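Peer 1: Sequence and computational prediction follow.
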Amino acid sequence: MNLNRLPKILQHVHLDGSVRIETANELLNKDVSSEMMIDENCKSLSDYLTKFKIPISLMQTKDNLIRVSYELGIDLLNQNVIYVEVRFCPLFHINEGLSLEEVVDSILKGLNQSGIKFNLILCMMREFSYEKNKQIINLANKYLNKGVCAIDLAGDEGSYPTKNYRNLFELASSLNIPFTIHAGEADGCESISSAIEFGAKRIGHGVRTIEYIDLINEIREKNITLEVCPTSNIDTMVYSNYKEHPIKKLYDLGVKVTINTDNNTVSNISLNKEYEKLKNVFNFKVSDFIKMNIDAINSCFISDKEKKELILKYRKEVQNEGFNYGS
(Lines give C-alpha, C1' and ligand atoms only; values in the text may rest on other atoms or scores of the structure.)
Protein backbone atom coordinates (compact mmCIF):
# COMPACT_ATOMS: atom_id res chain seq x y z
CA MET A 1 0.00 0.00 0.00
CA ASN A 2 1.98 2.98 -1.30
CA LEU A 3 0.15 5.87 0.31
CA ASN A 4 2.37 8.38 -1.48
CA ARG A 5 0.26 7.73 -4.60
CA LEU A 6 -3.07 8.20 -2.84
CA PRO A 7 -4.70 11.50 -3.88
CA LYS A 8 -5.11 13.79 -0.89
CA ILE A 9 -6.98 16.88 0.28
CA LEU A 10 -5.23 19.21 2.75
CA GLN A 11 -7.37 21.62 4.78
CA HIS A 12 -5.06 22.82 7.54
CA VAL A 13 -1.55 23.99 6.65
CA HIS A 14 0.12 27.27 7.61
CA LEU A 15 2.28 28.91 4.97
CA ASP A 16 4.72 30.51 7.42
CA GLY A 17 5.14 27.20 9.25
CA SER A 18 5.97 25.41 6.01
CA VAL A 19 8.80 27.49 4.52
CA ARG A 20 11.56 25.22 3.23
CA ILE A 21 14.64 25.13 5.49
CA GLU A 22 16.86 25.28 2.40
CA THR A 23 15.16 28.48 1.26
CA ALA A 24 15.53 30.16 4.66
CA ASN A 25 19.20 29.13 4.86
CA GLU A 26 19.85 30.52 1.39
CA LEU A 27 18.08 33.82 2.03
CA LEU A 28 19.83 34.35 5.37
CA ASN A 29 23.15 32.80 4.31
CA LYS A 30 23.31 30.66 7.46
CA ASP A 31 21.77 27.51 8.94
CA VAL A 32 18.57 28.38 10.82
CA SER A 33 17.07 24.89 10.95
CA SER A 34 17.20 24.73 14.75
CA GLU A 35 15.30 28.02 14.94
CA MET A 36 12.54 26.82 12.60
CA MET A 37 11.91 23.25 13.78
CA ILE A 38 10.79 22.06 17.20
CA ASP A 39 13.08 20.06 19.47
CA GLU A 40 12.84 18.28 22.82
CA ASN A 41 12.64 21.65 24.60
CA CYS A 42 9.20 22.35 23.11
CA LYS A 43 6.75 21.92 26.01
CA SER A 44 3.65 23.77 24.86
CA LEU A 45 1.83 25.59 22.07
CA SER A 46 3.48 28.82 23.26
CA ASP A 47 6.94 27.28 22.77
CA TYR A 48 5.89 25.91 19.38
CA LEU A 49 4.81 29.35 18.19
CA THR A 50 8.31 30.78 18.71
CA LYS A 51 9.46 28.81 15.63
CA PHE A 52 7.60 31.19 13.32
CA LYS A 53 9.85 34.19 13.96
CA ILE A 54 12.43 33.42 11.26
CA PRO A 55 10.04 32.53 8.40
CA ILE A 56 7.83 35.53 9.10
CA SER A 57 10.89 37.81 9.03
CA LEU A 58 11.68 36.47 5.55
CA MET A 59 8.15 36.80 4.22
CA GLN A 60 8.19 40.60 3.91
CA THR A 61 8.81 41.09 0.18
CA LYS A 62 6.80 40.20 -2.89
CA ASP A 63 9.57 38.01 -4.28
CA ASN A 64 9.95 36.01 -1.08
CA LEU A 65 6.20 35.58 -0.66
CA ILE A 66 5.88 34.38 -4.25
CA ARG A 67 8.79 32.01 -3.79
CA VAL A 68 7.70 30.33 -0.55
CA SER A 69 4.13 30.00 -1.82
CA TYR A 70 5.30 28.45 -5.08
CA GLU A 71 7.57 26.04 -3.23
CA LEU A 72 4.78 24.93 -0.89
CA GLY A 73 2.56 24.25 -3.91
CA ILE A 74 5.29 22.12 -5.51
CA ASP A 75 5.94 20.25 -2.26
CA LEU A 76 2.25 19.39 -1.96
CA LEU A 77 1.88 18.36 -5.60
CA ASN A 78 4.77 15.95 -5.01
CA GLN A 79 2.66 14.35 -2.28
CA ASN A 80 -0.33 14.01 -4.61
CA VAL A 81 -2.36 16.77 -2.96
CA ILE A 82 -5.09 17.64 -5.46
CA TYR A 83 -6.62 20.52 -3.46
CA VAL A 84 -5.33 22.58 -0.52
CA GLU A 85 -6.58 25.45 1.59
CA VAL A 86 -3.48 27.38 2.67
CA ARG A 87 -3.74 29.67 5.68
CA PHE A 88 -1.68 32.63 6.87
CA CYS A 89 -2.09 35.99 8.62
CA PRO A 90 -1.63 38.87 6.14
CA LEU A 91 -0.83 41.36 8.90
CA PHE A 92 2.37 39.44 9.69
CA HIS A 93 3.82 40.38 6.29
CA ILE A 94 3.51 44.17 6.10
CA ASN A 95 6.50 45.08 8.30
CA GLU A 96 8.57 46.36 5.38
CA GLY A 97 5.92 48.33 3.56
CA LEU A 98 3.78 45.88 1.63
CA SER A 99 0.05 46.51 1.60
CA LEU A 100 -2.32 43.77 2.69
CA GLU A 101 -3.44 43.44 -0.92
CA GLU A 102 0.14 43.06 -2.14
CA VAL A 103 0.65 40.27 0.39
CA VAL A 104 -2.41 38.35 -0.78
CA ASP A 105 -1.66 38.97 -4.47
CA SER A 106 1.91 37.69 -4.07
CA ILE A 107 0.82 34.49 -2.36
CA LEU A 108 -1.89 33.94 -4.97
CA LYS A 109 0.72 34.42 -7.69
CA GLY A 110 3.16 31.92 -6.18
CA LEU A 111 0.57 29.20 -5.67
CA ASN A 112 -0.86 29.78 -9.14
CA GLN A 113 2.62 29.36 -10.63
CA SER A 114 2.96 25.99 -8.89
CA GLY A 115 -0.13 24.66 -10.67
CA ILE A 116 -1.83 23.29 -7.57
CA LYS A 117 -5.59 23.72 -7.04
CA PHE A 118 -5.97 25.89 -3.94
CA ASN A 119 -7.74 28.57 -1.95
CA LEU A 120 -6.51 30.81 0.85
CA ILE A 121 -7.75 31.09 4.44
CA LEU A 122 -6.88 34.40 6.12
CA CYS A 123 -6.02 34.12 9.81
CA MET A 124 -7.11 36.52 12.49
CA MET A 125 -4.87 36.31 15.57
CA ARG A 126 -5.98 36.00 19.16
CA GLU A 127 -3.42 38.54 20.38
CA PHE A 128 -4.63 41.21 17.92
CA SER A 129 -7.12 43.96 18.70
CA TYR A 130 -10.67 43.87 17.36
CA GLU A 131 -9.78 46.57 14.82
CA LYS A 132 -6.78 44.65 13.50
CA ASN A 133 -8.77 41.46 13.11
CA LYS A 134 -11.55 43.42 11.46
CA GLN A 135 -9.01 44.35 8.76
CA ILE A 136 -8.59 40.62 8.06
CA ILE A 137 -12.34 40.18 7.72
CA ASN A 138 -12.60 43.13 5.33
CA LEU A 139 -9.68 41.79 3.29
CA ALA A 140 -11.30 38.36 3.09
CA ASN A 141 -14.53 39.97 1.97
CA LYS A 142 -12.67 41.81 -0.80
CA TYR A 143 -11.04 38.60 -2.09
CA LEU A 144 -13.86 36.16 -1.35
CA ASN A 145 -14.26 33.74 -4.26
CA LYS A 146 -11.22 35.38 -5.86
CA GLY A 147 -8.64 33.11 -4.28
CA VAL A 148 -9.77 33.48 -0.66
CA CYS A 149 -12.38 31.09 0.69
CA ALA A 150 -12.57 31.69 4.46
CA ILE A 151 -11.10 33.18 7.63
CA ASP A 152 -9.68 31.55 10.75
CA LEU A 153 -8.76 32.46 14.31
CA ALA A 154 -5.28 31.28 15.32
CA GLY A 155 -2.74 31.92 18.06
CA ASP A 156 -2.28 31.00 21.71
CA GLU A 157 -5.65 29.46 22.55
CA GLY A 158 -4.77 28.89 26.20
CA SER A 159 -3.99 32.57 26.84
CA TYR A 160 -6.78 34.09 24.72
CA PRO A 161 -10.13 32.25 25.18
CA THR A 162 -12.24 31.66 22.08
CA LYS A 163 -15.35 33.09 23.77
CA ASN A 164 -13.84 36.60 23.55
CA TYR A 165 -14.15 36.76 19.75
CA ARG A 166 -17.91 36.53 19.27
CA ASN A 167 -18.21 39.98 17.67
CA LEU A 168 -15.70 39.11 14.96
CA PHE A 169 -17.55 35.98 13.92
CA GLU A 170 -20.88 37.79 14.01
CA LEU A 171 -19.38 40.28 11.56
CA ALA A 172 -18.03 37.50 9.35
CA SER A 173 -21.40 35.77 9.37
CA SER A 174 -23.17 38.99 8.39
CA LEU A 175 -20.87 39.17 5.35
CA ASN A 176 -21.36 35.47 4.52
CA ILE A 177 -17.66 34.75 4.96
CA PRO A 178 -17.08 31.10 5.87
CA PHE A 179 -14.79 30.38 8.80
CA THR A 180 -12.93 27.75 10.74
CA ILE A 181 -11.61 28.28 14.28
CA HIS A 182 -8.59 26.82 16.06
CA ALA A 183 -10.15 25.26 19.16
CA GLY A 184 -9.80 22.20 21.36
CA GLU A 185 -6.00 22.09 21.21
CA ALA A 186 -4.47 24.08 24.10
CA ASP A 187 -7.94 24.64 25.60
CA GLY A 188 -10.85 22.27 26.04
CA CYS A 189 -14.62 22.18 26.31
CA GLU A 190 -15.39 25.89 26.54
CA SER A 191 -13.25 26.73 23.52
CA ILE A 192 -14.87 24.07 21.34
CA SER A 193 -18.36 25.00 22.55
CA SER A 194 -17.72 28.66 21.68
CA ALA A 195 -16.57 27.73 18.17
CA ILE A 196 -19.72 25.68 17.64
CA GLU A 197 -21.90 28.43 19.08
CA PHE A 198 -20.37 30.98 16.71
CA GLY A 199 -21.34 28.73 13.79
CA ALA A 200 -18.07 27.08 12.81
CA LYS A 201 -18.58 24.17 10.40
CA ARG A 202 -14.93 23.20 10.75
CA ILE A 203 -12.69 23.28 13.80
CA GLY A 204 -8.90 23.46 13.62
CA HIS A 205 -7.60 20.55 15.71
CA GLY A 206 -10.64 20.01 17.96
CA VAL A 207 -9.09 16.83 19.34
CA ARG A 208 -10.03 17.48 22.95
CA THR A 209 -13.61 16.86 21.88
CA ILE A 210 -12.84 13.27 22.88
CA GLU A 211 -13.03 14.34 26.54
CA TYR A 212 -16.70 15.39 26.33
CA ILE A 213 -19.41 12.99 25.14
CA ASP A 214 -21.97 15.79 24.78
CA LEU A 215 -19.63 17.64 22.41
CA ILE A 216 -19.04 14.49 20.39
CA ASN A 217 -22.79 14.10 19.94
CA GLU A 218 -23.25 17.77 19.04
CA ILE A 219 -20.43 17.74 16.50
CA ARG A 220 -21.90 14.66 14.82
CA GLU A 221 -25.41 16.12 14.80
CA LYS A 222 -24.24 19.44 13.32
CA ASN A 223 -21.98 17.75 10.75
CA ILE A 224 -18.90 19.62 11.96
CA THR A 225 -15.52 18.47 10.65
CA LEU A 226 -12.34 18.40 12.74
CA GLU A 227 -9.11 19.37 10.96
CA VAL A 228 -6.81 16.97 12.82
CA CYS A 229 -3.02 17.45 12.88
CA PRO A 230 -1.65 14.49 14.87
CA THR A 231 2.09 15.17 14.81
CA SER A 232 1.58 18.83 15.66
CA ASN A 233 -0.58 17.87 18.66
CA ILE A 234 2.27 15.74 20.00
CA ASP A 235 4.81 18.49 19.33
CA THR A 236 2.73 20.95 21.40
CA MET A 237 2.37 18.34 24.17
CA VAL A 238 -1.40 17.99 23.89
CA TYR A 239 -0.57 14.25 23.85
CA SER A 240 2.68 12.67 24.95
CA ASN A 241 2.93 10.17 22.08
CA TYR A 242 1.23 9.10 18.87
CA LYS A 243 -0.56 6.10 20.40
CA GLU A 244 -2.38 8.39 22.84
CA HIS A 245 -3.77 10.57 20.05
CA PRO A 246 -7.59 10.30 19.80
CA ILE A 247 -8.00 10.46 16.00
CA LYS A 248 -8.91 6.77 15.74
CA LYS A 249 -11.37 6.98 18.65
CA LEU A 250 -13.02 10.04 17.13
CA TYR A 251 -13.20 8.39 13.72
CA ASP A 252 -14.71 5.20 15.18
CA LEU A 253 -17.30 7.30 17.02
CA GLY A 254 -18.47 8.75 13.71
CA VAL A 255 -16.87 12.18 14.02
CA LYS A 256 -15.70 13.54 10.67
CA VAL A 257 -11.93 14.00 10.79
CA THR A 258 -9.47 15.08 8.12
CA ILE A 259 -5.71 14.52 8.08
CA ASN A 260 -3.47 17.57 8.11
CA THR A 261 0.11 18.63 8.80
CA ASP A 262 -0.44 22.06 10.39
CA ASN A 263 3.16 23.21 9.85
CA ASN A 264 5.30 21.09 7.56
CA THR A 265 8.62 22.61 8.58
CA VAL A 266 8.05 23.43 12.26
CA SER A 267 6.90 19.85 12.89
CA ASN A 268 9.29 18.33 10.31
CA ILE A 269 6.36 16.42 8.81
CA SER A 270 4.91 15.77 5.38
CA LEU A 271 1.40 14.64 4.58
CA ASN A 272 2.77 11.35 3.26
CA LYS A 273 4.58 10.75 6.55
CA GLU A 274 1.41 11.57 8.48
CA TYR A 275 -0.56 8.97 6.52
CA GLU A 276 2.15 6.36 7.09
CA LYS A 277 2.13 7.02 10.83
CA LEU A 278 -1.65 6.69 10.98
CA LYS A 279 -1.52 3.44 9.05
CA ASN A 280 1.22 1.96 11.21
CA VAL A 281 -0.04 3.06 14.62
CA PHE A 282 -3.82 2.75 14.20
CA ASN A 283 -4.09 0.32 11.29
CA PHE A 284 -6.17 2.68 9.19
CA LYS A 285 -7.04 1.16 5.82
CA VAL A 286 -7.11 2.71 2.36
CA SER A 287 -10.91 2.81 2.57
CA ASP A 288 -10.63 4.88 5.77
CA PHE A 289 -8.28 7.36 4.13
CA ILE A 290 -10.55 7.64 1.11
CA LYS A 291 -13.53 8.35 3.36
CA MET A 292 -11.59 11.04 5.23
CA ASN A 293 -10.65 12.70 1.96
CA ILE A 294 -14.21 12.61 0.64
CA ASP A 295 -15.36 14.10 3.96
CA ALA A 296 -12.66 16.74 3.52
CA ILE A 297 -13.95 17.69 0.08
CA ASN A 298 -17.50 17.93 1.38
CA SER A 299 -16.37 20.27 4.15
CA CYS A 300 -14.03 22.43 2.06
CA PHE A 301 -14.92 26.08 1.60
CA ILE A 302 -15.88 25.72 -2.06
CA SER A 303 -19.20 25.67 -3.93
CA ASP A 304 -21.36 22.56 -4.21
CA LYS A 305 -20.54 22.45 -7.92
CA GLU A 306 -16.80 22.50 -7.17
CA LYS A 307 -17.24 19.80 -4.54
CA LYS A 308 -18.99 17.49 -7.02
CA GLU A 309 -16.28 18.08 -9.62
CA LEU A 310 -13.51 17.48 -7.06
CA ILE A 311 -15.12 14.28 -5.79
CA LEU A 312 -15.33 12.96 -9.36
CA LYS A 313 -11.67 13.86 -9.91
CA TYR A 314 -10.69 12.28 -6.61
CA ARG A 315 -12.49 9.00 -7.31
CA LYS A 316 -11.00 8.87 -10.82
CA GLU A 317 -7.47 9.33 -9.49
CA VAL A 318 -8.02 6.68 -6.80
CA GLN A 319 -9.11 4.29 -9.52
CA ASN A 320 -6.24 5.24 -11.85
CA GLU A 321 -3.72 4.61 -9.07
CA GLY A 322 -5.14 1.15 -8.53
CA PHE A 323 -6.36 1.57 -4.94
CA ASN A 324 -9.02 -0.83 -3.71
CA TYR A 325 -11.85 0.84 -1.77
CA GLY A 326 -12.22 -2.25 0.38
CA SER A 327 -8.56 -2.59 1.36
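Peer 2: Perfect, I can see it now.

Peer 1: all helices for the stretch 201-327 of the chain, in order.
Peer 2: Residue ranges of the helices in the stretch 201-327 of the chain, as given by DSSP state H, counting those that start in this stretch, are 213-221, 230-235, 247-252, 271-282, 286-299, 304-320.

Peer 1: most tightly surrounded among those helices?
Peer 2: Of all the helices of the stretch 201-327 of the chain, helix 230-235 has the most neighbours on average by mean count of other C-beta atoms under 10 Å, namely a mean of 24. Where C-beta positions appear, they are placed from N, C-alpha and C, glycine not excepted.

Peer 1: For it, the averaged confidence score.
Peer 2: Over the span of helix 230-235, the pLDDT mean works out to 95.

Peer 1: got the helices of the stretch 201-327 of the chain as a markdown table, with distance to Ile56 columns?
Peer 2: Rendered in a markdown table, the data for the helices of the stretch 201-327 of the chain read as follows (distance: least, C-beta to C-beta, whole Å):
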| stretch | distance to Ile56 |
| --- | --- |
| helix 213-221 | 32 |
| helix 230-235 | 18 |
| helix 247-252 | 29 |
| helix 271-282 | 23 |
| helix 286-299 | 27 |
| helix 304-320 | 31 |
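
Peer 1: Nearest to Asn167, out of those?
Peer 2: If you check each of those against Asn167 by C-beta to C-beta, helix 213-221 wins as the nearest, at 23.0 Å.

Peer 1: circling back to that earlier point, quick one: closest of the helices of the stretch 201-327 of the chain to His12.
Peer 2: Nearest to His12, of all these, is helix 230-235, at 9.0 Å by C-beta to C-beta.

Peer 1: Could you list every helix and strand in contact with the closest one?
Peer 2: Under the contact criterion of 3 or more C-beta pairs under 8 Å, 6 or more residues apart in numbering; DSSP states H and E, helix 230-235 touches helix 271-282.

Peer 1: got the angle between the helix it packs on and helix 286-299?
Peer 2: Orientation check (axes from the mean of the first three to the mean of the last three C-alpha atoms, to 10 degrees): helix 271-282 against helix 286-299 gives 130 degrees.

Peer 1: could you give me the average pLDDT of helix 271-282?
Peer 2: In the prediction, helix 271-282 has an average pLDDT of 97.

Peer 1: that older thread, between the helices of the stretch 201-327 of the chain, which gets nearest to Leu120?
Peer 2: Using C-beta to C-beta as the measure, helix 304-320 is the one of those that comes nearest Leu120, at 15.0 Å.

Peer 1: tell me the mean pLDDT over that closest one?
Peer 2: Within the predicted structure, the mean pLDDT of helix 304-320 is 96.

Peer 1: Figure out which of the helices of the stretch 201-327 of the chain is closest to Met36.
Peer 2: Each of the helices of the stretch 201-327 of the chain was scored for nearness to Met36 using C-beta to C-beta, and the closest is helix 230-235 (12.9 Å).

Peer 1: With adjacent residues omitted, what lies nearest to Thr209?
Peer 2: Closest residue in space to Thr209, ignoring its immediate chain neighbours: Leu215 at 4.9 Å, by C-beta to C-beta, 6 or more residues apart in numbering.
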